[in-house]
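Chemist: Just a sequence and a predicted model for now, questions to come.
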Amino acid sequence: MILLNFAHPLTDDHLRQIETLTGQAIVRVIEITSQIDPQQPLQPQVVAMADATGLSSLEWQTHPLLTAPPSLNFIAVVLVAELHGRCGYFPAMLRMRSVPGSLPPRYEVAEILNLQAIREEARVVVSAFFEGGSFLPPSTCNPVALSPLHIPRASSHVYLTKHPRHVK
């Protein structure tokens, strides 16, 4: 597996934890700085970060990848979109967490997030709710006013069924 690290440096212990969680050997770690110029447009800077990995089109699409995303949220979300475009799927993400009570602060591997599986699970859940949902033509609804209702993008109707994660 290739580990794309857009975050803080990872220790040998972190790498062992990752290999244990994934059941795969890390064959290469690529360190990419995620510093940006906030006065410049973000997308070209994130594209440059992805380019800095040095991966070929074939590698993006055929090698198992794990990404340690940058901490800054808006860099991370644009990076996820960029990586999805290059890979053709949502790559797995590494989540780190602080070790409680550690001085100086230390971090450990919290989990590996399989974003593609999360996306596919969400699509199954949403499609199951389409059949029972009522709908209104899109011209009669304000999508902003419907939040947190689920609004399917690929439909010509706005379904008024609450997303199951919002139902208590």
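Modeler: Nice, I can see it.
Chemist: mind listing the helices for this protein?
Modeler: Secondary structure of the chain (DSSP state H): helices at 12-22, 42-51, 57-62, 73-87, 115-130.
Chemist: could you dump those to TSV with mean neighbour count, mean pLDDT and distance to Pro100?
Modeler: In short, each C-beta sits where N, CA and C put it, glycine included. Shown next, in TSV, are the helices of the chain (neighbours: other CB atoms under 10 Å; pLDDT from 0 to 100; distance: least, CB to CB, whole Å):
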stretch	mean neighbour count	mean pLDDT	distance to Pro100
helix 12-22	15	96	16
helix 42-51	15	98	31
helix 57-62	12	95	37
helix 73-87	16	97	23
helix 115-130	13	81	26
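Chemist: Out of the ones you listed, which gets nearest to Ser98?
Modeler: In terms of CB to CB, the element of the helices of the chain nearest to Ser98 is helix 12-22, at 13.1 Å.
Chemist: Quick check: can you list the domain ranges of this structure?
Modeler: 2-113, 130-166 (automatic domain parsing).
Chemist: Take the first one and give me the span from its first residue to its final residue.
Modeler: It stands for domain 2-113. One end of domain 2-113 sits 15 Å from the other (CA to CA, to the nearest Å).
Chemist: Highest mean neighbour count out of the domains of the chain?
Modeler: Compared across the domains of the chain, domain 2-113 shows the largest average neighbour count, a mean of 15 (mean count of other CB atoms under 10 Å).
Chemist: chain center to that one, what's the gap?
Modeler: Distance of domain 2-113 from its chain centroid, counting by CA atoms, centre = their mean, to the nearest Å, is 10 Å.
Chemist: Report the separation between Asn114 and Ala92.
Modeler: Applying CB to CB, to the nearest Å, the value for Asn114 to Ala92 is 5 Å.
Chemist: swap in Gln43?
Modeler: Counting by CB to CB, the gap from Gln43 to Ala92 is 23 Å.
Chemist: Nearest residue to the middle of this protein?
Modeler: Val80 (5.0 Å; CA atoms, centre = their mean).
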